[in-house]
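Peer 1: the following comprises the amino acid sequence and a computationally predicted model.
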Amino acid sequence: MNLGLIAPLSRRSLGALLFVAVATTACAERDRLTFFNPSSGLGPTIDIQVPSRDTTVLVGSNVLVAGLAIDLDSVDVVLFDIIGGNVAFPPLDTNADTVVFSITVPTSGLRPDDTVIVAIFGIDVLGERGDTAFRRLALQ
């Protein structure tokens with residue numbers, strides 16, 4: 001016989017009441033999880049795949065230089081420095097763990113026995129600079 005003094009709780013109401021009781025007591029008594037910055041402390045790794053090593057090319061040819069920039073913190077920018085050539089490339093802005101890059105280095109206007117050095121490095125989103133990768137292009 002129900003005298004109307006106590007109304008039965010529905011399952012939803014009982015679950016909500018239990019959740020509030022547990023959350024209220026648990027929040028004040030235990031430490032919170034903390035996540036550390038996953039930074040490796042290193043900048044992006046540059047892997048020049050084409051050409052696979054220093055090489056000799058004919059004066060006047062266009063040389064493809066291509067490869068990957070890899071960083072688990074995410075590559076922010078890839079920079080290209082052409083030493084001994086008469087071309088410049090803008091930075092490659094990105095925001096990915098792995099970046100595919102390719103540039104074409106012209107050798108027109110240069111002379112046989114000149115050398116062009118292609119230097120490539122990257123900076124990750126945390127501002128960490130990676131080592132520079134080089135390819136030497138000897139002209140003939």
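Peer 2: Structure's in. What do you need?
Peer 1: C-alpha only now, for contacts and for neighbours.
Peer 2: Will do.
Peer 1: low-scoring pLDDT stretches of this protein, where are they?
Peer 2: 1-39 (pLDDT under 70).
Peer 1: which stretches in it count as strands?
Peer 2: In the chain, the segments counted as strands under DSSP state E are 45-50, 55-57, 62-83, 92-106, 115-124, 133-139.
Peer 1: adding mean neighbour count, write those strands out as JSON lines.
Peer 2: Formatted as JSON lines, these follow (neighbours: other Cα atoms under 10 Å):
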{"stretch": "strand 45-50", "mean neighbour count": "18"}
{"stretch": "strand 55-57", "mean neighbour count": "13"}
{"stretch": "strand 62-83", "mean neighbour count": "19"}
{"stretch": "strand 92-106", "mean neighbour count": "15"}
{"stretch": "strand 115-124", "mean neighbour count": "21"}
{"stretch": "strand 133-139", "mean neighbour count": "18"}
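Peer 1: who are the contact partners of residue 135?
Peer 2: Listed by Cα atoms under 8 Å, 6 or more residues apart in numbering, the contact set of residue 135 reads 48, 51, 53, 54, 55, 117, 118, 119.
Peer 1: kindly recompute the last result at 6 Å.
Peer 2: 54, 117, 118 (Cα atoms under 6 Å, 6 or more residues apart in numbering).
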